[in-house]
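1. sharing a model that was predicted from the sequence below.
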Amino acid sequence: MGVSGCGKSTVGSMLGERLAARFKDGDDLHPEANKAKMSAGIPLDDEDRKPWLEEIGRALRRSQDAGAPLIIACSALKRSYRDLLRHHAPDVVFIHLSGDRQTLLSRMNARENHFMPSSLLDSQLSTLEPLGVDEKHMLVDIRLAPDPLVEGICSRLP
């Protein structure tokens, strides 16, 4: 989890390979209306995000019920969003990929063909709510290169 540009897709995919788990990019589960809104530089509101989060929660639940590990890259910026995901999949562990604004901005500006413009970074940063002590999670510094970052995550997973 984390704001755009933090490396959710890269790290999630690598974790999936390392842990022999399926990986799904949460961006692929956004309704087309959400993608169009973000492409136009318009931040999503809670009403826009709810069906998307519900779909992610259902995917996590199906995976949990099947006993098949699933990693989903999802911003999960607010506590209420994470509560909704935990409603569907109580055992979910959030891996928060965290970084400073400049690092995130430079990563976003280097991407090609992504529907999320860097102009929405500040909106995401202002929306981001820290994880609570009662939320299963780990905080990871995105300044690490992907390989050692993923190794560190794997060594800390239950």
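-> Perfect, I can see it now. Residues are numbered from 1 along each chain as shown.
2. residue 81 looks like it's in a strand, true?
-> No - read with DSSP: H, G, I helix; E, B strand; the rest coil, residue 81 is helix and lies in no strand.
3. relative to residue 52, how far out is it?
-> 9 Å (Cβ to Cβ, to the nearest Å). (Each C-beta comes from the backbone N, C-alpha and C, glycine too.)
4. higher neighbour count, these two?
-> Using other Cβ atoms under 10 Å, the more surrounded residue of residue 81 and residue 52 is residue 81, with 22 against 19.
5. and the residue nearest to the more buried one when sequence neighbours are not counted, what does it touch?
-> Spatial nearest neighbour of residue 81, chain neighbours left out: residue 53 (5.4 Å); criterion: Cβ to Cβ, 6 or more residues apart in numbering. For residue 53, the contacting residues are 74, 81, 84, 85, by Cβ atoms under 8 Å, 6 or more residues apart in numbering.
6. can you check residue 98 too?
-> Taking Cβ under 8 Å, 6+ apart as the test, what residue 98 contacts is 2, 6, 139, 140, 141, 142.
7. can we see that at 10 Å?
-> Residues near residue 98 by Cβ atoms under 10 Å, 6 or more residues apart in numbering: 1-3, 6, 104, 128, 130-131, 139-143.
8. pop out the phi and psi values for it.
-> phi -120, psi 140 (degrees, to the nearest 10).
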